[in-house]
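Novice: Provide a 3D model corresponding to the input given below.
(one chain, ligands or ions: 1)
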Amino acid sequence: MAGRYGPEICYNLPPKIMCGIVGYVGRAEAAPILLDGLRRLEYRGYDSAGVAIVNGKQIETRKCAGRIANLAKLMTEKPPSGQYGISHTRWATHGKVTDENAHPHFDQSGKIALVHNGVIENYAALREQLEREGGHQFTSDTDTEVLAHLIGSIYEQIDGADSKARLVNATRAALKQVIGTYGIALVHSDIKEFMIGARRGSPLVLGVGKDENFLASDVSAIVAHTRDAVYLNDFDIVAVSRDKFEISSVAGESGNYQISKVEFGAEDVSKGDFPHYMLKEIFEQPNSVRDAMRGRLNTEECTAKLGGLNMTAGELRDVSRVVLTGCGTALHAALVGEYLIEQLANIPVEVEYASEFRHRNTPMSGNTLVFAISQSGETADTLGALRESQRKGFRTLGICNNVASTIARESDGGVYMHAGPEIGVAATKSFTSQVTILALIGLLLGRMRHLSSSQGSRIIEALEALPEQIESVLKLSEQIRSIAKKYVEAEGMLFFGRQFNFPVALEGALKMKEITYLFAEGHPSAELKHGIIALVRPDLPSIFVAPDDAVFCKNRNNIEQVKARKGPIIVLTSGDGAKQLKGIANDIIEIPRAPEFATPVLTAIPLQLFAYHVAVELGCDVDKPRNLAKSVTVE
Ligand code: G6P
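Specialist: Residues are numbered from 1 along each chain as shown. Next up is the predicted model:
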């Protein structure tokens, strides 16, 4: 179906890629720049990797299955030389992880090397046509190789003295025939110091340097070299030389662009003194939560200021229903948001898995406000939900971290998290930033309704206290490490919580699954007696998120039920909770007391640390867990 966003995207092809792309043209040796860039993008996929660097009129290719470390080894054994080239790290959704399927792929002449992030849906028809009419032979069954052949075949057929313009025209003509999504970079061995990038549906950024230019799926890959970036739009084609670039559209119009300053620097994308990105990002939360609130609290009027929503006070007052949608951790933040907005603003809220929402016919009224929540701003399911919601005419706002990401750009407004780059695959600081922003939204909507100024003021006080309280939670890391050591032999874990902390139990279980591969489930505490209790046994720990709040006594009952069946119990509590649970729980983690609505920001952190320490004890690859990728741009 063709619509505002072009043909509907479906992703049921052979080898499929999410991936990261880096391209360089300049005066320096390309190899270390590309390799370093790929390392920074490894969170996007780590099934295979490759580079193509042009040396004189030769393309030197190195590619192999496995992590970037394998590629680095190959490049040390046989160093490629040259001052421009392209590179790729792959995350396969299905199809084999092999050296052959690793990018770059080549056209029939072997002179064009191409890397691609996305899916060419009509690749089979294009391939059949190339084989039939041009006798093309393919060495892989990837859709990417078909695109390389198509560009090469058109390039051979068209005239033009200027080979750069000819290659741009060939790329444009090929992309016009393509149905699907792409972020691409390509080089031609006969065309010196030149590369082409293009995007539709997959992110691509141009990094503008001094006598050198870059292409990347994400600015973190190039921020060590330049902080000037052009976030390309869908259907942009960029022709990149060492000292200039030109942007046009697939339709042939010259493109508008703006050079933006990247907010963060190379130090923000390094691990610093931390052994893992995940731990660094957990410890960044006092600042990331502060940054989520910075300039957004209006103490005078006891409300929040969220200008990016692009809504008038009247429009905000008319909102009668809120739908929150996202995937994974963002979905769990949305679930906290449901409690927050309903409690603070008294507006009915529904949380929808983005992947379900986009395919079902959710009845929605005229004044429904939809939020698409996504750290990366690129998650295909969340983007699909955003587009579906807009297609039906609903105002759809984004809560994103990545500036100029697709969701941020396509939404009707929104709130940036300003959390800085999150590189560890398991989301941590983005969760607490999302929850903080949802609290601000609840406060804003609440103050336009029944919430009094003194209630608003108390909410602001609680929010402002959070960064310091997080500091004291982080001091528990060593205690949590020793608890983790005790339970490292467990075959699985159960997580429980009520009300605001039920989603935190889900998030705690997700962290545990993602990075330790242990079986872990999160449930509302009260559901224990409706089935889950059958699982309780002496070697299966239960983790209860039970701060000293209105439902503490109810949680305590559930804790007693586990205790009676000899299940080991770890409790996260506050205030009087520790005293009351002494002798019942095996381990108690005490966090500072906070109003109920603010507790998820504090309770989530010990669970992040718990999963982290268990994973380290088990020797797992914390930052790059098996089978996962940070930004899932396929369905
Ligand atoms: C992937 C990641 C999760 C993340 C989810 C949503 O599945 O592995 O950690 O929560 O995507 O990501 P987003 O960027 O949309 O927040």
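Novice: which residue is nearest the middle of this protein?
Specialist: Against the mean C-alpha coordinate of the chain, by Cα atoms, centre = their mean, the closest residue is residue 376 at 3.3 Å.
Novice: Need the contact partners of the lengthiest helix in the chain.
Specialist: Ordering each helix of the chain by length in residues (DSSP state H) puts helix 453-474 first. Contacts of helix 453-474 with the rest of the structure, by Cβ atoms under 8 Å, 6 or more residues apart in numbering, involve 282-283, 285-287, 289-290, 293, 297, 299, 301-303, 344, 432, 436, 439-440, 443, 446-447, 451, 591-592, 594-595, 597-598, 601-602, 605-606, 609. Just so you know, the C-beta spots here come from the backbone N, C-alpha and C atoms, and that holds for glycine as well.
Novice: Would you mind giving me the ChimeraX syntax to select the buried ones in these?
Specialist: For the buried members of those, the matching ChimeraX selection, counting by 16 or more other Cβ atoms under 10 Å, is:
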select :282,283,285,286,287,289,290,293,297,302,303,344,432,436,439,440,443,446,447,451,591,592,594,597,598,601,602,605,606,609
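Novice: Restricted to strands, list the contacts of helix 453-474.
Specialist: Using DSSP state E, the members of these that fall in strands are 297, 303.
Novice: that older thread, for the helix or strand following the longest helix of the chain, which outside residues touch it?
Specialist: Counting by DSSP states H and E, the next helix or strand C-terminal to helix 453-474 is helix 477-486. Residues from elsewhere that reach helix 477-486, judged by Cβ under 8 Å, 6+ apart: 570, 587, 589, 606, 609-610, 613-614, 616-617.
Novice: Of these, which are in range of the ligand?
Specialist: With Cβ under 6 Å from any ligand atom as the criterion, no member of these is in contact with the ligand.
Novice: Show only the entries of these found in helices.
Specialist: Using DSSP H, the contacts of helix 477-486 in helices are 606, 609-610, 613-614, 616-617.
Novice: And those residues, which of them are buried?
Specialist: Among the ones in helices among the contacts of helix 477-486, those classed as buried by 16+ other Cβ under 10 Å are 606, 609-610, 613-614, 616-617.
Novice: and of these, the nearest to residue 55?
Specialist: Lowest distance from residue 55 to those (Cβ to Cβ) belongs to residue 616, with 42.1 Å.
Novice: which residues does the closest residue to that closest one other than its chain neighbours contact?
Specialist: Spatial nearest neighbour of residue 616, excluding adjacent residues (Cβ to Cβ, 6 or more residues apart in numbering): residue 622 at 6.4 Å. By Cβ under 8 Å, 6+ apart, the residues touching residue 622 are 276, 278-279, 424, 426, 515, 612, 615-616.
Novice: same question, residue 59
Specialist: By Cβ under 8 Å, 6+ apart, the contact set of residue 59 is 52-53, 106, 110-111, 113, 187, 189.
Novice: Please, a ChimeraX command that selects the buried ones among these?
Specialist: Buried residues among the contacts of residue 59 (16+ other Cβ under 10 Å), as a ChimeraX selection:
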select :52,53,106,111,113,187,189
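Novice: Give me the below-cutoff pLDDT ranges for the chain.
Specialist: 1-17, 93-95, 634 (pLDDT under 70).
Novice: The ligand contacts on that one?
Specialist: Going by Cβ under 6 Å from any ligand atom, the residues of the chain near the ligand are 327-330, 374-376, 379, 382, 425-427, 628, 630-632.
Novice: Who wins on neighbours among those?
Specialist: Neighbour tally across the residues of the chain next to the ligand (other Cβ atoms under 10 Å): the maximum, 35 neighbours, falls on residue 374.
Novice: Export only the CA atoms of the longest helix of the chain, formatted as PDB.
Specialist: Taking C-alpha atoms only, helix 453-474 is exported to PDB below (Å, rounded to 0.1, in the frame of the first residue of the first chain):
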ATOM      1  CA  SER A 453      -0.400  24.200  43.400                       C
ATOM      2  CA  SER A 454       0.800  22.700  46.700                       C
ATOM      3  CA  GLN A 455       0.500  19.200  45.300                       C
ATOM      4  CA  GLY A 456       2.400  20.300  42.200                       C
ATOM      5  CA  SER A 457       5.100  21.800  44.400                       C
ATOM      6  CA  ARG A 458       5.500  18.600  46.400                       C
ATOM      7  CA  ILE A 459       5.800  16.700  43.100                       C
ATOM      8  CA  ILE A 460       8.600  19.100  42.000                       C
ATOM      9  CA  GLU A 461      10.300  18.700  45.300                       C
ATOM     10  CA  ALA A 462      10.300  14.900  45.000                       C
ATOM     11  CA  LEU A 463      11.600  15.100  41.400                       C
ATOM     12  CA  GLU A 464      14.400  17.500  42.400                       C
ATOM     13  CA  ALA A 465      15.400  15.200  45.200                       C
ATOM     14  CA  LEU A 466      15.900  12.200  42.800                       C
ATOM     15  CA  PRO A 467      19.500  12.800  41.600                       C
ATOM     16  CA  GLU A 468      20.900  12.900  45.100                       C
ATOM     17  CA  GLN A 469      18.800   9.900  46.100                       C
ATOM     18  CA  ILE A 470      20.100   8.000  43.100                       C
ATOM     19  CA  GLU A 471      23.700   8.800  44.300                       C
ATOM     20  CA  SER A 472      22.900   7.000  47.500                       C
ATOM     21  CA  VAL A 473      21.400   4.000  45.700                       C
ATOM     22  CA  LEU A 474      24.500   3.700  43.600                       C
END
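Novice: And it, how far out from the chain middle?
Specialist: In terms of Cα atoms, centre = their mean, to the nearest Å, the centre of helix 453-474 is found 27 Å from the chain centre.
Novice: Return the set of buried residues in that helix.
Specialist: Residues of helix 453-474 classed as buried: 456, 459-460, 462-463, 466-467, 469-470, 473-474 (neighbour count, 16+ other Cβ under 10 Å).
Novice: go on, stretch 266-280?
Specialist: 268-269, 276-280.
Novice: and the end-to-end length of it?
Specialist: End-to-end distance for stretch 266-280: 15 Å, by Cα to Cα, to the nearest Å.
Novice: Equivalent analysis for stretch 67-83, please.
Specialist: 24 Å.
Novice: OK, contacts around the closest residue to the ligand within the stretch 1-150 of the chain?
Specialist: Taking Cβ to the nearest ligand atom, the ligand has its nearest neighbour within the stretch 1-150 of the chain at residue 43, 9.2 Å off. By Cβ under 8 Å, 6+ apart, the residues touching residue 43 are 423-425, 623-624, 629-631.
Novice: could I get those residues as a markdown table with distance to residue 361?
Specialist: Output for the contacts of residue 43, formatted as a markdown table (distance: Cβ to Cβ, whole Å):
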| residue | distance to residue 361 |
| --- | --- |
| 423 | 38 |
| 424 | 37 |
| 425 | 33 |
| 623 | 40 |
| 624 | 38 |
| 629 | 30 |
| 630 | 31 |
| 631 | 28 |
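Novice: List just the nearest of these to residue 393.
Specialist: residue 631 (28.3 Å).
Novice: excluding its backbone neighbours, what's nearest that closest one?
Specialist: That would be residue 376: by Cβ to Cβ, 6+ apart, it lies 4.0 Å from residue 631.
Novice: now swap in residue 191 and tell me
Specialist: residue 163 (5.1 Å).
Novice: Can you give me the neighbour number for the one you found?
Specialist: Neighbour count for residue 163, taken as other Cβ under 10 Å: 14.
Novice: which residue does the stretch 301-450 of the chain bring closest to the ligand?
Specialist: Taking Cβ to the nearest ligand atom as the measure, the stretch 301-450 of the chain has residue 328 as its residue closest to the ligand, at 2.7 Å.
Novice: and that residue, what does it touch?
Specialist: Residue 328 makes contacts with 427, 510, as judged by Cβ under 8 Å, 6+ apart.
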